[in-house]
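K.L.:
here is my input, please return the structure:
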Amino acid sequence: MFSPLHFLNILHIFNDGYQASFLLLLPFIAKDLQINLSQIGQLGSFIYLFETILALPTGYLGEKISPFKLIIIAMCLYGISFLFIYFVHSYLFLFFLFILAGIGFALFHPLGFALVASLSVKGSVGKNLGDFTAIGDLGRIALSTAVTFLAVKIGWRNTSFLYSSLIFIFIFIFLTIIRRKIIHKVVTEEKLNNISVKFSQLLKNRRFVLSSLTALFDSAASSSLFIFLPFLLIKKSVNPAILGSFTAAYFVGNFLGKSVIGRLTDKWGSVTVFIIAEICMAVFIVVLTQTSSLWLIIIISIILGTLTKGTIPARATMAIKSVEHHGRYEKAVALLGFIASIGTTSAPIIYGKVADLWGISFTFYLSAILALVAIIPALGYRFTKSQ
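P.N.:
Coordinates of the predicted model:
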């Protein structure tokens, strides 16, 4: 039977696929509008910058307005952005559209995670969060592959108009014809819980703080591996023409890890699964740094892809369980995402500096150390009583 969780998963396919597609239109737009690479970099940064800036405000809005309604609004925002790309004629206009799209993309994930948690029955949070994050990757693969093909065949303006039309047709069908009862059920259940949680309360919750520190160090350890992996492989004299094979293997691991580790989280417990994953991550990072075997590098790339992104449902489950006594997750998920983004944002800068000073290998050794450091707050979480 089609459930609200299924609906959220479909929305996630659209969100992540459209976010990747938005960026992949840039080379075509830049060529026609004569936009330079510095401006392209600014646009790309804006898409992700809003995820940090709006993390906490999104949690606040999620308590005031139905998260489900906000998600639909978010989709409308980037749908409008795709629509107006058809009419874009200058960098300034495009910059404004990226701000609009960035706001839409930034709203989705904190609210989506909170809704998945609130709609999950006991014992299925890890599985549902894992599936939710993994399914978003399907959108990245399918919709981003299609957007470049279409941009070549019918032009980037027509492609953006087509993508905009698809998202609004989807929203119209599901909101007005097919799934009105599902959405009504979700909104009704949200209204039954009128508890408001302050950010200051979350920061006094020891288990939540520990789970957030776990996410911070885990993000710092894992988020930048993909960026520096090609440089490590080049140092190992890997043919640049086949670097894509290794990064593809890493992405395959990303997809598998989110779903598999999410299910193990429900079976063995989030802390146990997280600790095992971090230890394995550290070991395989060191092995990857030492080996020169191409086949072993591919295998390890898949394994590391599984572990680096697979820990997301485990650490999210830790945070969610720390606040499940009041049943409101919007601000908790938003604050968790904000703290984790500090690690995601700062790590590339630190790793790049380390690579310049001591070599690319030391960057990966530092990543392995941070993966082990992430275990410390996770252990603290295990031995701290629920509040």
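
K.L.:
what segments of the stretch 101-250 of the chain are helices?
P.N.:
Here the stretch 101-250 of the chain has its helices, by DSSP state H, counting those that start in this stretch, at 125-154, 156-173, 180-192, 199-204, 206-222, 225-235, 243-268.

K.L.:
what would those look like in TSV with distance to I53?
P.N.:
No exception for glycine: its C-beta is placed from N, CA and C like everyone else's. Shown next, in TSV, are those (distance: least, C-beta to C-beta, whole Å):
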stretch	distance to I53
helix 125-154	21
helix 156-173	23
helix 180-192	25
helix 199-204	15
helix 206-222	17
helix 225-235	22
helix 243-268	25
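
K.L.:
between those, which one is closest to A282.
P.N.:
helix 206-222 (8.2 Å; C-beta to C-beta).

K.L.:
report all helices and strands that that closest one contacts.
P.N.:
Secondary-structure packing of helix 206-222 (3 or more C-beta pairs under 8 Å, 6 or more residues apart in numbering; DSSP states H and E): helix 199-204, helix 270-290, helix 294-322, helix 330-358, helix 360-373, helix 375-382.

K.L.:
how about the CA coordinates for stretch 131-141, as CSV?
P.N.:
Output of stretch 131-141 as CSV, limited to C-alpha atoms (Å, rounded to 0.1, in the frame of the first residue of the first chain):
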residue,chain,number,x,y,z
ASP,A,131,16.2,4.0,2.4
PHE,A,132,15.3,7.6,2.4
THR,A,133,18.9,8.8,1.9
ALA,A,134,19.7,6.0,-0.6
ILE,A,135,16.7,6.7,-2.8
GLY,A,136,17.8,10.3,-3.2
ASP,A,137,20.9,8.9,-5.0
LEU,A,138,18.6,7.4,-7.6
GLY,A,139,17.5,10.9,-8.5
ARG,A,140,21.1,12.1,-8.8
ILE,A,141,21.9,9.2,-11.2
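
K.L.:
for that stretch, what does the pLDDT average out to?
P.N.:
For stretch 131-141, mean pLDDT is 81.

K.L.:
buried set for that stretch?
P.N.:
Across stretch 131-141, burial judged by 16 or more other C-beta atoms under 10 Å covers 131-137, 139-140.

K.L.:
what's the answer for stretch 294-305, then?
P.N.:
297-305.

K.L.:
and of these, the nearest to F7?
P.N.:
For these, the nearest to F7 is G305 (27.8 Å; C-beta to C-beta).

K.L.:
helix/strand/coil for I35?
P.N.:
Following DSSP: H, G, I helix; E, B strand; the rest coil, the label given to I35 is coil.

K.L.:
touching, it and P27? I think so.
P.N.:
No - using C-beta atoms under 8 Å as the test, I35 is too far from P27 to be in contact (9.8 Å).

K.L.:
okay, these two: which has more neighbours?
P.N.:
I35 (19 against 13; other C-beta atoms under 10 Å).

K.L.:
can you tell me the closest non-neighbouring residue to the more buried one?
P.N.:
In this structure, I35 finds its nearest non-sequential neighbour in Y91, 5.5 Å apart by C-beta to C-beta, 6 or more residues apart in numbering.

K.L.:
and what of Q42?
P.N.:
Per C-beta to C-beta, 6+ apart, closest to Q42 is F95, 7.5 Å.

K.L.:
ok, L11 next?
P.N.:
Closest to L11 by C-beta to C-beta, 6+ apart is I71, at 6.2 Å.

K.L.:
related to what we said a few turns ago, among the buried residues of stretch 131-141, which pair sits farthest apart?
P.N.:
Largest separation among the buried residues of stretch 131-141 by C-beta to C-beta: D131 and R140, giving 15.4 Å.

K.L.:
which ones are touching the nearest residue in space to T345 that is not next to it in sequence?
P.N.:
Leaving aside its sequence neighbours, T345 sits nearest to T52 (C-beta to C-beta, 6+ apart; 6.6 Å). Applying C-beta atoms under 8 Å, 6 or more residues apart in numbering to T52 gives the contacts 338, 341, 345.

K.L.:
got a pLDDT number for I173?
P.N.:
77.
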